[in-house]
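A.B. asks: Quick one, what's the 3D model for this:
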Amino acid sequence: MTSRRLAAILAADVAGYSRLMASDEGGTIATFRRLRCEVIEPRVTIRHGRVVGSAGDSLLVEFGSAIDAVQCAIEIQSALCDATASQPSDHRMTFRMGVNLGDVVSEDATIHGDGVNVAARLEKLANPGGIVISRSVHEQIRGKLLFRFEDMGEQVLHNIAQPVRAYRVLTTEPASPDPTSRSEDARRRQSIAVLPFTNMSGDPEQEYFSDGITEDLITALARHHALFVIARNSSFVFKGRAASIPEVGRQLGVRYVVEGSVRKSGKRIRVTAQLIDAETGAHVWAERYDRDLEDVFTVQDEIVETLVWRVAGHVARVELERVKSRRTESMDAYDLMLRGISVFERATPENIREAGRIWRRASKLDPNWGRPLSHIAAAHMALGFDYRDSQDFDRAIETAQHALALTDAEDWTDALIGYVAAWRGDFKLADMHFDRAMARNPLSAMSLAFRAYSRYWRGDAKGAIEIGLSLRRLDPLDRGWVNDLLGYAYYVSKDYEASLEAFQRCMPFAWWANHGYLAACLGQLGRNDEATTAWRQMLALRPEFSVEKFVGVIAVREREDKEHWRAGLLKAGLE
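C.D. replies: Numbers count the residues shown, from 1 in each chain. So this is what the prediction gives:
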């Protein structure tokens, strides 16, 4: 059976394959198979690709998104460079790659047509280890990946009727290390915040459901690389507040605001949503959805699709399809998922355990759904940090890995594993998981936060601050983790005033140990009475702690950073 569709195609082959085969036929074949199995195919899978052709020294891979195809090519070339670095240069296996976005004919398990042919011809233009893309790809990814491109002009390709404009990907010249730092004008044009949807059910107990719908919309929109989406924490600052849309836009720094309501009654649901231009107050779009409760995911997809097309109309439909993931078919499981999130946010150990029990019930209703397992892993991680329990950390990693093996795991699941690994000092493993998490969603606030803490723990305060300031753009009103992180990083950088300001902003949301960190900061500033008060607040929560025991649980790897925290506490006269 044949069919036509639009697809992104990656064509790759080995440079100098005939020479390698003449030198060592068996070794060359074995190396190609090993690199394909260990380096190429895992990254294709992460990027939602599918190998549709292989002939000796070449591979043909299909993607639903041009962004995924190019990002995958970049990641593969980088990994291949590392994997073959120890080999002599004349025996090293390198690949050329070409990427095109075009019409393909699908037949059986493979694809063909001009879209495929152009990708194969572009690959021939690439240098060994290089990537060349077509204009159709360049138009889709421009401004969305952290790399520059060299215009190669119009290229006459063998057996292709019309010249094709080609671009070389300059993988050694990243455009910016900060995924939130596109030009202010471009970011603002495509920036959006989703305010908490109003619960219209007449039952305060249903608040968790409207909040959950809102959070799911934020998550779905954030997966679109064309949009700059304000994180959940900042959007929910406006829950229950009477604020004008222009005021919301100014405080969050966004051009567009989404607001709406949810009414759940029996097996029926009504969702209203409207998109408002925060600069003018004009209503750009509004819609009401009256559906069966089982259709809630379809409603979410329709809202997201409309918003993406309204705010970033140049995004291709394949990009919209790319971010639709498998959802549960059990509304009872979905309901429990949202209930658990509501309970977890109360943040006491008892609530965290209760949330874990709720999510386990959701997972039992749909064992193939990854989201509840991601959150169960988060509950184990939170308890592990609260009680320094190695078994909880082990359970967190094991459950997160289980979630990743299923469908629709949270975007930050890999980052959670990286977070625990970094806490334990395995920064190589941590970076691998952070890279995988950022490949899923480079603007995930939670993934960025986890990576920033890792930087701080390994002694890279500057890197932690850079990510923390990026998080402030994504989450401008958050008073929790962003300021918690910056408080630590500014302290070890000896900027005690900035550290104090950050700690004071996050203290209403702080966990027990932050009172101790605040005490050290105040000690460095000579404000000993305030330091004593902060220390007593910590002891009220953890009476068994002394300065020595507190310093012993600080996770920084560099000895001088630990001693720095100790010095602040001792300056305050604490013991």
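A.B. asks: so what's Ala278 up against?
C.D. replies: By Cβ atoms under 8 Å, 6 or more residues apart in numbering, the contact set of Ala278 is Ile245, Pro246, Val248, Gly249, Arg250, Val254, Arg255, Tyr256, Val257. Using the backbone N, CA and C atoms, a C-beta is placed for each residue, glycine as well.
A.B. asks: ok, 7 Å please
C.D. replies: Ile245, Pro246, Val248, Gly249, Val254, Arg255, Tyr256, Val257 (Cβ atoms under 7 Å, 6 or more residues apart in numbering).
A.B. asks: repeat for Thr532
C.D. replies: Ala572, Leu574.
A.B. asks: and if you look at the one 5 residues further on?
C.D. replies: Applying Cβ under 7 Å, 6+ apart, we find Gln537 in contact with His515.
A.B. asks: and the helix or strand encompassing it, how far from the chain's centre?
C.D. replies: Using DSSP states H and E, Gln537 falls within helix 528-541. Put simply, helix 528-541 sits 36 Å off its chain's centre (Cα atoms, centre = their mean, to the nearest Å).
A.B. asks: May I see the buried residues of it?
C.D. replies: Glu530, Ala531, Thr532, Ala534, Trp535, Gln537, Met538, Leu539 (16 or more other Cβ atoms under 10 Å).
A.B. asks: From those, pick the one nearest Arg34.
C.D. replies: Met538 (52.8 Å; Cβ to Cβ).
A.B. asks: ok, that closest one - contacts?
C.D. replies: Trp512, His515, Gly516, Phe545.
A.B. asks: Can you read off the pLDDT for the last one?
C.D. replies: Spelled out, that is Phe545. pLDDT for Phe545: 90.
A.B. asks: That one contacts Arg536, correct?
C.D. replies: No: under the criterion of Cβ atoms under 7 Å, Phe545 is not in contact with Arg536, lying 11.3 Å apart.
A.B. asks: any idea of the pLDDT on Ala316?
C.D. replies: In this model, Ala316 carries a pLDDT of 39.
A.B. asks: Quick one: distance of stretch 363-378 to the chain centre.
C.D. replies: That offset, for stretch 363-378, works out to 19 Å (Cα atoms, centre = their mean).
A.B. asks: For that stretch, buried residues please.
C.D. replies: Of the residues in stretch 363-378, those buried (16+ other Cβ under 10 Å) are 363, 365-366, 369-378.
A.B. asks: and what of stretch 426-446?
C.D. replies: Result for stretch 426-446 [16+ other Cβ under 10 Å]: buried residues 427, 429-431, 433-446.
A.B. asks: Quick one: mean pLDDT for it?
C.D. replies: 85.
A.B. asks: Likewise for stretch 403-413?
C.D. replies: When pLDDT is averaged over stretch 403-413, the result is 88.
A.B. asks: what about that stretch, how long is it end to end?
C.D. replies: 8 Å (Cα to Cα, to the nearest Å).
A.B. asks: who's in contact with it?
C.D. replies: Contacts of stretch 403-413 (Cβ under 7 Å, 6+ apart): 223, 325-327, 368-371, 373-374, 377, 400, 414, 437, 440-441, 444, 446-447, 450.
A.B. asks: go again using 6 Å as the cut-off
C.D. replies: Outside of stretch 403-413, the residues within contact range by Cβ atoms under 6 Å, 6 or more residues apart in numbering are 325-326, 368, 370-371, 373-374, 400, 440-441, 444, 446-447.
A.B. asks: Give me the buried stretch members for that stretch, please.
C.D. replies: Within stretch 403-413, the residues scored as buried using 16+ other Cβ under 10 Å are Ala403, Leu404, Leu406, Asp408, Ala409, Glu410, Asp411, Trp412, Thr413.
A.B. asks: Stretch 268-277 too?
C.D. replies: Buried-residue list, stretch 268-277, by 16+ other Cβ under 10 Å: Ile269, Arg270, Val271, Thr272, Ala273, Gln274, Leu275, Ile276.
A.B. asks: Could you give the backbone dihedrals for Ala79?
C.D. replies: For Ala79, the backbone dihedrals (degrees, to the nearest 10) come out as phi -70, psi -40.
A.B. asks: if we can go back for a sec, quick check: strands, which of the contacts of Ala278 are part of them?
C.D. replies: Among the contacts of Ala278, the members found in strands (DSSP state E) are Tyr256, Val257.
A.B. asks: Pull out the buried residues from the contacts of Ala278.
C.D. replies: For the contacts of Ala278, a burial check counting by 16+ other Cβ under 10 Å picks out Ile245, Val248, Gly249, Val254, Arg255, Tyr256, Val257.
A.B. asks: what pLDDT does Arg223 get?
C.D. replies: 74.
A.B. asks: ok, how many other residues are close to it?
C.D. replies: Close neighbours of Arg223, defined as other Cβ atoms under 10 Å, add up to 21.
A.B. asks: distance of it from Gly370?
C.D. replies: 15 Å (Cβ to Cβ, to the nearest Å).
A.B. asks: ok, now Ser265?
C.D. replies: Separation of Ser265 from Gly370 (Cβ to Cβ): 30 Å.
A.B. asks: same deal with His158?
C.D. replies: 45 Å.
A.B. asks: now swap in Glu41 and tell me
C.D. replies: For Glu41, the distance to Gly370 - Cβ to Cβ - is 21 Å.
A.B. asks: what do you get for His283?
C.D. replies: Here the criterion is Cβ to Cβ. By it, His283 lies 37 Å from Gly370.
A.B. asks: Same check on Leu252?
C.D. replies: Distance from Leu252 to Gly370, by Cβ to Cβ: 30 Å.
A.B. asks: Of the contacts of Ala278, which is the nearest to Lys494?
C.D. replies: Of all the contacts of Ala278, Lys494 sits closest to Val254, with 34.7 Å by Cβ to Cβ.
A.B. asks: per-residue confidence at Val258?
C.D. replies: At Val258, pLDDT is 92.
A.B. asks: That one against Val194, yeah?
C.D. replies: Yes: with contact defined as Cβ atoms under 6 Å, Val258 reaches Val194; the gap is 4.5 Å.
A.B. asks: what about the two, which has more around it?
C.D. replies: Legend: neighbour count by other Cβ under 10 Å for Val258 and Val194, higher for Val194 (30 against 25).
A.B. asks: So what does that one look like in phi/psi?
C.D. replies: Here Val194 shows phi and psi, under degrees, to the nearest 10, equal to phi -110, psi 110.
A.B. asks: what do you get for Arg5?
C.D. replies: Dihedral angles (degrees, to the nearest 10) for Arg5: phi -160, psi 170.
A.B. asks: how many other residues sit next to it?
C.D. replies: Neighbours around Arg5, by other Cβ under 10 Å: 13.
A.B. asks: gap between it and Val105?
C.D. replies: 9 Å.
A.B. asks: Let me know how buried the residue nearest to Gly115 when sequence neighbours are not counted is, in neighbour terms.
C.D. replies: For Gly115, ignoring the flanking residues on the chain, the nearest one in space by Cβ to Cβ, 6 or more residues apart in numbering is Gly102 at 2.9 Å. When neighbours are defined as other Cβ under 10 Å, Gly102 has 19 of them.
A.B. asks: Can you tell me the SS state at Gly102?
C.D. replies: strand (DSSP: H, G, I helix; E, B strand; the rest coil).
A.B. asks: do Glu279 as well
C.D. replies: Glu279 ends up coil, using three-state DSSP.
A.B. asks: Quick check, pLDDT for it.
C.D. replies: Confidence at Glu279, expressed as pLDDT, is 82.
A.B. asks: Run through the residues that contact Arg232.
C.D. replies: Going by Cβ under 6 Å, 6+ apart, Arg232 touches Glu215, Ile218.
A.B. asks: Give me the phi and psi angles of it.
C.D. replies: Dihedral pair for Arg232: phi -60, psi -40, per degrees, to the nearest 10.
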